[in-house]
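Participant: Provided below for reference: sequence and predicted model.
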Amino acid sequence: MDDVHPTSARWTHVALPCHDLDESLAWYARFTPLSVLDRRADAHGSAAWLGHADQPEHPFVLVLVCPLDTTARPRPTLAPFAHLGIEVPTRAEVDRIAAEADSAGCLQWQPIDHDPPVGYVCALADPDGNLVEFSHDQGVYAKAREVWGGS
């Protein structure tokens, strides 16, 4: 398969508007495992692609787009329940992220245990109010391997 030109459709990204690209990039660098893959600007504004640097074979990116006219702060696209989901390896990591977010004033959902398959979760609001959920034991990867195979 030619990775530059896929032979089938692929899910590649989610795009969100942001008010201040630098502020958003700093927030995502602080609270998530995402790093900047690309950043660009043109006559319409600026944008950045964020993803997992350790997953180049199957990239999935968050695109943050900041228009030139930033006089009106965008309304949250992902709220009050819609969210991006990030699974972390331990409950302690969910607790650590929640405590840091609480100190920073961006914790939206305190850590809570839900019945399977949801697991242990908390949620933070990014600088534009979009929600990012952090979970442990949600089982997304396990379910994908169970149903579709893989290691």
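Facilitator: That came through fine. Residues are numbered from 1 along each chain as shown.
Participant: Report the distance from whatever helix or strand Arg30 lives in to the chain centre.
Facilitator: Secondary structure from DSSP states H and E places Arg30 in helix 21-31. The chain centre lies 11 Å from the centre of helix 21-31; the measure is CA atoms, centre = their mean, to the nearest Å.
Participant: which is the next helix or strand following that helix?
Facilitator: Assignment by DSSP H and E places the next element after helix 21-31 at strand 35-42.
Participant: Follow the chain on from that following strand and name the next helix or strand.
Facilitator: Following strand 35-42 toward the C-terminus (DSSP H and E): strand 45-51.
Participant: so what strands line up beside that following strand?
Facilitator: strand 35-42 (antiparallel), strand 61-67 (antiparallel) (DSSP bridges).
Participant: ok and the helix holding Arg30 relative to strand 45-51, angle-wise?
Facilitator: 10 degrees (axes from the mean of the first three to the mean of the last three CA atoms, to 10 degrees).
Participant: ok, back up a step: can you tell me which of the strands paired with strand 45-51 comes nearest to Cys122?
Facilitator: For these, proximity to Cys122 was assessed by CB to CB; strand 61-67 is nearest, at 18.7 Å. Placement of C-beta: from N, CA and C, glycine included.
Participant: Helix or strand next in line after that closest one, which one?
Facilitator: strand 83-87.
Participant: Not counting residues beside it along the chain, what's closest to Pro59?
Facilitator: Using CB to CB, 6 or more residues apart in numbering and skipping residues adjacent in sequence, the residue nearest Pro59 is Gly51, 5.4 Å away.
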